[in-house]
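In: generate a structure from the sequence data that follows.
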Amino acid sequence: MTTSTVSPPPPYDEDALPTYAPMEWTLKEIRSAIPPRLFERHTGRALLYLARDIVVAAAFWAAATRIDTFASRLDVQALLTPRGAQVLKWSLWMVYWWFQGLQFTGLWVIGHECGHSAFSPHTLLNDTIGFILHSALFTPFFRLTLTDASWKYSHHRHHSNHASMERDEVYVPKTRSDLGIPQDVHDESIYDEILGDTPIYTMFMLIQQQLLAFPAYLLFNVSGQKHYPKWTNHFDPASIIFTKAQKNAVIMSNIGLLSMIAILYAASQIFSFADVVKFYGVPWLLVTHWFILITYLHHTDPLERILQTLPHYRGPEWNFQRGAAATVDRPVLGWQGRYFLHDVAHFHVIHHFFPMLPWYHGEEATQYLKEFIGPHYAWSDKPIFSALWDSYNRCQFVEDEGNVLFYRDRKGHAVRRPAEKKEKSS
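Out: Numbers count the residues shown, from 1 in each chain. Next up is the predicted model:
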């Protein structure tokens, strides 16, 4: 009787990694591959999406007002026992939180589209709707009249400089020196000493990221540009993020947030603090969770399974279209992501190339983009929570040197390497 043995994996060899050459097309060439009709913004259609979202959110809210009363009914308690009625009550609240969290996120996405002027060709309408929606969800909007401000300005800077180590606004990778990892490591245990956290601690940090990363970024520039001064935030009109011309718009964003705080305080006095938490607070917390999960997985993944990866660039190797291609589409939550989240995760790559292209044209435009840029288009159907765990564990740092960079994992391993440039013949 023979027994089969599993062969150990071959030793890691940096020179044997598949190479990556950045795309050479211009943005004009890429845009020409997409029919002009897909860039047209239809105000009426966008307003119908907004009306649908508001109606659905109101229906969820109205249904939730009946949960406690229903679970307290004597016939329900007699049928299920008092304890069973409590289980039913909190189960129904969890269903409400799940779907209202998604619907609130969908409204956030509509506000985000307004910030890119993708909602309508009318500036004032974009600004008014975006300001109201984002203020209602505790995100500082950005633009009133013709002035960029607050989150919109920094988010535009993110789009304009995505994957640039020097200029991107968020999810800027840590470097080897940032983590204090020696350049020449001959023993992989050194990586374990510096990066090797326990699974429980990793899970704690991941949950912390999902719930607190967005407020931390707005308040303290966490995961933002490291060369910004300490205490850089999105609420200070004098912040380095903004210009003097944007000061008034930042103040207006802050007024919107303060107004929302006043509304919630008044609601807690009229009803109760617990009601405000149940009807608004928990769904809002889920908005931050979905927003962080989706954006993090758009920009951070080794994708080694399909020999794609999301590069970062320094200096002359970066340009707008290369940065736009350094994102990945994901079918997050299937039909729920398509309906509630307006395809924000399903077709995000095209959004980075052309932020003003309406979301309802994203699917068709993506087909043209995919056909044109071919292997430079990244897509993954890995289950999102598995992808979140893998990305958080494996995308640890990039090198201090080089102009085309790829994440390395907890052992210092990469999945791709930049191709050597061919010298031009004279």
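In: now the strands for this structure?
Out: Here the chain has its strands, by DSSP state E, at 19-20, 312-313, 328-329, 378-379, 404-405, 417-418.
In: partner strands of the third one, with direction?
Out: Strand 328-329 has its sheet partners listed here by DSSP bridges as strand 378-379 (parallel).
In: residues in contact with the residue nearest the centre of the chain?
Out: Centroid-nearest residue in the chain: Thr295, 1.4 Å away (criterion: C-alpha atoms, centre = their mean). When contacts are counted by C-beta atoms under 8 Å, 6 or more residues apart in numbering, Thr295 touches 170-171. Using the backbone N, CA and C atoms, a C-beta is placed for each residue, glycine as well.
In: any idea how far it is from Ala136?
Out: Here Thr295 is placed at a distance of 20 Å from Ala136 (C-beta to C-beta, to the nearest Å).
In: and for Ile373?
Out: From Ile373 to Ala136 the distance is 37 Å (C-beta to C-beta).
In: so where's the stretch 301-426 of the chain uncertain?
Out: Within the stretch 301-426 of the chain, the stretches with pLDDT under 70 are 302-308, 421-426.
In: with the chain instead?
Out: The model of the chain has pLDDT under 70 over residues 1-7, 142-160, 169, 186-187, 196-198, 213-214, 216-246, 302-308, 421-426.
In: longest single helix anywhere in it?
Out: Using DSSP state H to define each element, the chain has its longest helix at helix 74-115.
In: what about that one, distance to the chain center?
Out: Taking C-alpha atoms, centre = their mean, to the nearest Å, the mean C-alpha location of helix 74-115 is offset from the chain mean by 24 Å.
In: repeat for stretch 402-416
Out: Its chain's average C-alpha position is 22 Å from that of stretch 402-416, according to C-alpha atoms, centre = their mean.
In: can you show me the CA trace of that stretch as PDB?
Out: What follows is stretch 402-416, C-alpha atoms only, in PDB (Å, rounded to 0.1, in the frame of the first residue of the first chain):
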ATOM      1  CA  GLY A 402      11.100  51.900  -7.000                       C
ATOM      2  CA  ASN A 403       8.400  53.700  -9.100                       C
ATOM      3  CA  VAL A 404       6.100  50.700  -9.700                       C
ATOM      4  CA  LEU A 405       5.200  49.100  -6.300                       C
ATOM      5  CA  PHE A 406       3.300  46.100  -5.200                       C
ATOM      6  CA  TYR A 407       2.100  45.100  -1.700                       C
ATOM      7  CA  ARG A 408       4.100  42.600   0.300                       C
ATOM      8  CA  ASP A 409       2.600  40.200   2.800                       C
ATOM      9  CA  ARG A 410       3.600  39.200   6.300                       C
ATOM     10  CA  LYS A 411       6.600  37.300   5.000                       C
ATOM     11  CA  GLY A 412       7.800  40.100   2.800                       C
ATOM     12  CA  HIS A 413       6.500  38.300  -0.400                       C
ATOM     13  CA  ALA A 414       4.900  39.900  -3.400                       C
ATOM     14  CA  VAL A 415       2.900  38.400  -6.100                       C
ATOM     15  CA  ARG A 416       4.200  40.400  -9.000                       C
END
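In: what residues does it touch?
Out: Here stretch 402-416 has contacts from 12, 14, 17-20, 22, 165, 173, 181, 185, 188, 191-192, 195-196, 300, 302-304, 307, 309-318, 393-399, 417-418, using C-beta under 8 Å, 6+ apart.
In: name only those of those that count as buried.
Out: Neighbour counting with 16 or more other C-beta atoms under 10 Å marks 17, 20, 22, 165, 173, 181, 191, 195, 300, 302-304, 309-314, 317-318, 394-399, 417-418 as buried within the contacts of stretch 402-416.
In: which ones among those residues are found in helices?
Out: 191, 195, 394.
In: which member of these is positioned nearest Gln100?
Out: Gln100 has its nearest neighbour among those in Arg394, at 33.0 Å by C-beta to C-beta.
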